[in-house]
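A.B. asks: Model the following, please.
(one chain, ligands or ions: 2)
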Amino acid sequence: MDCVFCKIINKELPTKVIYEDEEVLVFNDINPQAPIHLLLVPKKHIASIMEINEDNAKVMKRITKVAQDLARQNNIDKKGFRLVVNTGEEGGQTVNHLHFHLLSGRFMTWPPG
Ligand code: 5GP
Ligand code: ZN
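C.D. replies: Ligands and ions are numbered 1, 2, ... in the order given. Next up, the predicted model:
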């Protein structure tokens, strides 16, 4: 499958791994929008949050736990951070493999634009 995140997960594209377990891979965004900009990605190819269902929902809980651990490790658990899932064309999704952006290290604005 021609999916850039699957290639990263399969180590076909060399990427510095920030965190890895059986279900989740975390790496830095190639085009960071904040001092900390991590991508939390399920290893299984799930196209978007619209494809989460009873059978694969466990990974959502796992990603939440990984985000909490990364927030503590980066000392942003109290200062704050933003966890973003862009979905579909108008939602700004450019890679069709579910991913959570973890952004921090600066004040976030709202509305996000
Ligand atoms: P989306 O726009 O789908 O929410 O986010 C996709 C993100 O993936 C973008 O922030 C983009 O910078 C990042 N990205 C795209 N290709 C690569 C890549 O090859 N390596 C890494 N590390 N990030 C990528
Ligand atoms: Zn994929």
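
A.B. asks: Up against ligand 1, what does this protein have?
C.D. replies: On the criterion C-beta under 6 Å from any ligand atom, ligand 1 has as its neighbours in the chain the residues 4, 15, 27-31, 39, 86, 92-95. (C-beta placed from N, C-alpha, C; glycine too.)

A.B. asks: Where do the helices of the protein begin and end?
C.D. replies: Under the criterion DSSP state H, the chain carries helices at the ranges 4-9, 58-73.

A.B. asks: Just the buried positions in the shortest one, please.
C.D. replies: The neighbour-count check on helix 4-9 (16 or more other C-beta atoms under 10 Å) flags 5, 6, 8, 9 as buried.

A.B. asks: of those residues, list those near ligand 2.
C.D. replies: Restricting the buried residues of helix 4-9 to those within reach of ligand 2 (C-beta under 5 Å from the ion) leaves 5, 6.

A.B. asks: of all the buried residues of helix 4-9, which two lie farthest apart?
C.D. replies: Checked with C-beta to C-beta, those reach their widest spread between 6 and 8, with 7.4 Å between them.

A.B. asks: what about the residue lying closest to residue 37 once chain neighbours are set aside, how many neighbours?
C.D. replies: The shortest distance from residue 37 to any residue other than its chain neighbours is 4.3 Å, reached at residue 29 (C-beta to C-beta, 6 or more residues apart in numbering). Using other C-beta atoms under 10 Å as the criterion, residue 29 is surrounded by 15 other residues.

A.B. asks: Could you report the pLDDT at residue 1?
C.D. replies: Listed pLDDT for residue 1 reads 74.

A.B. asks: wait, it sits on residue 12?
C.D. replies: No. With the criterion set as C-beta atoms under 8 Å, residue 1 and residue 12 do not qualify as a contacting pair; they are 11.3 Å apart.
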